[in-house]
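>>> model this:
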Amino acid sequence: MTAFYDHSTGSISDIFSSVHQQIAEFSRVSTQPNALRWQPDFYQSTGQGIRIALLDSGLDWLHPSLTGSDLQAKNFTGSGSLADSTGHGTQMAALLVGQGGLVPDAKLVFGKVFKGSPSAHTEYFLAKGIRWAIGQQVDILALPLGRSRPSRAVAQSIEMALANGIRIFAAAGNRGADRLLFPASLPGVMAITGADIRGQKLPECTDFETADWITLGQVTSLLSPTNSTEGRPAEVLTGSSPATVIAAAIASLALSIARGS
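Have a look, this model is predicted:
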């Protein structure tokens, strides 16, 4: 992953020091009618009272960024460990409830549903994870993942979640301009695609017109050092996965404010 803001003034972290500011800048410049935008009153909310389920690759429970976070986690892969071999799940969790995250006071219900890259068994693990999340009475379900082939078991679990009033956000995909991955392609699921901080579509992401919603899909990692600490640009997360998590965070903030939490 490389820095995406290569103006002579420096990296994105030099100009917009927090993830919140990066999303706010995207919101300011985006002209798309289906853009999910940061609102000024979001700065006054921390996601208190909201329960978010995140299903991903694993979780580094002891990472310093997650110290003090309200976490509950379960492994559905049969591997016996929550270990995150790719780092993807930990990155997404930190973006939500880590230090400097978007909804640090939300309750994160995390499920490990694949080991490494998603395998043929992921659909079974994912279906179990969704049903578990329903039982945890979550408000929001974030699925920063997807597959080409549909799954009846996953579709049925999604239907159950929607019937229970859970708002579901899923990655539209990084595999082509006019294609939606599954389960983002299911009715009732909000398919999220990513843009850069200038509001332009990321080349690898699904077209704006194909997805339901657009939000920032290039954002500074909360797990890596910044310029000021290491003399080099911070790592940048890119694609529909971080966009999906940001969309879930925006919905969580709006819901928390609406409830007066």
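
>>> who touches stretch 171-180?
143-146, 148, 181, 184, 191-193, 204-207, 210-212, 239-241, 243-244 (Cβ atoms under 8 Å, 6 or more residues apart in numbering). Bear in mind the C-beta positions are built from the backbone N, C-alpha and C, glycine included.

>>> The same query, at a cut-off of 7 Å, please.
143-146, 181, 184, 191-193, 204-207, 210-211, 239-241, 244 (Cβ atoms under 7 Å, 6 or more residues apart in numbering).

>>> What's the PyMOL syntax to select whichever of those are buried?
Selection of buried members from the contacts of stretch 171-180 for PyMOL, criterion 16 or more other Cβ atoms under 10 Å:
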select buried, resi 143+144+145+146+181+184+191+192+193+204+205+206+210+211+239+240+241+244
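
>>> In this protein, what residue spans correspond to strands?
Listed from the start of the chain, the chain has strands (DSSP state E) covering 51-56, 70-75, 107-112, 140-143, 167-171, 190-195, 213-216, 218-220, 236-238.

>>> got these as CSV, with mean pLDDT and distance to residue 22 columns?
Formatted as CSV, the strands of the chain follow (pLDDT from 0 to 100; distance: least, Cβ to Cβ, whole Å):
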stretch, mean pLDDT, distance to residue 22
strand 51-56, 98, 20
strand 70-75, 96, 24
strand 107-112, 98, 21
strand 140-143, 99, 18
strand 167-171, 98, 19
strand 190-195, 97, 12
strand 213-216, 98, 6
strand 218-220, 92, 5
strand 236-238, 91, 10
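
>>> Need those strands in CSV (columns: distance to residue 30).
Compiled in CSV, those are given as follows (distance: least, Cβ to Cβ, whole Å):
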stretch, distance to residue 30
strand 51-56, 24
strand 70-75, 31
strand 107-112, 27
strand 140-143, 21
strand 167-171, 18
strand 190-195, 7
strand 213-216, 7
strand 218-220, 13
strand 236-238, 17
